[in-house]
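Visitor: this one's sequence-less:
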């Protein structure tokens, strides 16, 4: 089974997650290709399943991801596919933040016309050392509200790697092509 993994990222956590998904799939015996949406990613027709991910920044997903999905939604809607939304709100201790993350993803998918087989919500990372002064200040305030780390001298990763692995392997197992032998 051949997987295509497309991603859009801000500070690189979504890329890291996509690369990890590739590693997990290949370790399980599948073929996987990863592509940054900004670098002319391949069309989905050569693949058996497609995973598309984007980080959420100011309640929006990466424009390139939106454009890719809009361009290929008919094809994506006819094969196993998953959308992985990378969002700090997933790590929040506040239930309303979780609901907001789910709402943002739902509206995004409705607006693009893509109905993936599955939607996954994955906690991202606070990359304080990569932010400019203003963004660092804003992200620190958000993190404080959500019960997250506020020491801006270091970065914090909230991604649950074991959950990502289990989710990807479960998806692969449940979407195997049916053998006609």
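Guide: It's in. Just so you know, these numbers come straight off a predicted model, no measurement behind them. Numbering: from 1, shown residues only.
Visitor: Please, where are all the strands along the chain?
Guide: Assigned by DSSP state E, the strands in the chain fall at 2-8, 31-36, 49-57, 60-61, 81-86, 118-122, 125-126, 156-157.
Visitor: Mean neighbour count and distance to residue 164 added to the ones you listed, as a markdown table?
Guide: Where you see a C-beta, it was placed from the backbone N, CA and C, and this is true even at glycine. Below are the strands of the chain laid out as a markdown table (neighbours: other Cβ atoms under 10 Å; distance: least, Cβ to Cβ, whole Å):
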| stretch | mean neighbour count | distance to residue 164 |
| --- | --- | --- |
| strand 2-8 | 23 | 12 |
| strand 31-36 | 17 | 14 |
| strand 49-57 | 25 | 10 |
| strand 60-61 | 19 | 18 |
| strand 81-86 | 25 | 8 |
| strand 118-122 | 18 | 6 |
| strand 125-126 | 24 | 13 |
| strand 156-157 | 15 | 12 |
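Visitor: which one of those strands lies closest to residue 94?
Guide: strand 118-122 (14.4 Å; Cβ to Cβ).
Visitor: What pairs with the closest one, parallel or antiparallel?
Guide: Paired neighbours of strand 118-122 in the sheet (DSSP bridges): strand 81-86 (parallel).
Visitor: And the contacts of the strand it pairs with?
Guide: Applying Cβ atoms under 8 Å, 6 or more residues apart in numbering, the contact partners of strand 81-86 are 9, 13-14, 17, 21, 49-56, 61, 101, 104-105, 109, 114, 116-124, 159, 171.
Visitor: switch the cut-off to 7 Å
Guide: Applying Cβ atoms under 7 Å, 6 or more residues apart in numbering, the external contacts of strand 81-86 come out as 13-14, 17, 49-56, 101, 105, 109, 116-122, 124, 171.
Visitor: With adjacent residues omitted, what lies nearest to residue 62?
Guide: Take residue 62 and drop its neighbours on the chain: the residue closest to it by Cβ to Cβ, 6 or more residues apart in numbering is residue 8, 2.7 Å away.
Visitor: can you give me the angle the lengthiest helix in the chain makes with strand 81-86?
Guide: The longest helix of the chain (DSSP state H) is helix 95-112. Orientation check (axes from the mean of the first three to the mean of the last three Cα atoms, to 10 degrees): helix 95-112 against strand 81-86 gives 140 degrees.
Visitor: tell me what helix 95-112 is packed against?
Guide: Here helix 95-112 touches helix 63-76, strand 81-86, strand 118-122, going by 3 or more Cβ pairs under 7 Å, 6 or more residues apart in numbering; DSSP states H and E.
Visitor: Out of these, which gets nearest to residue 163?
Guide: strand 118-122 (7.8 Å).
Visitor: the inter-axis angle of that closest one versus strand 49-57?
Guide: Strand 118-122 and strand 49-57 are oriented at 40 degrees to each other (the same axes, to 10 degrees).
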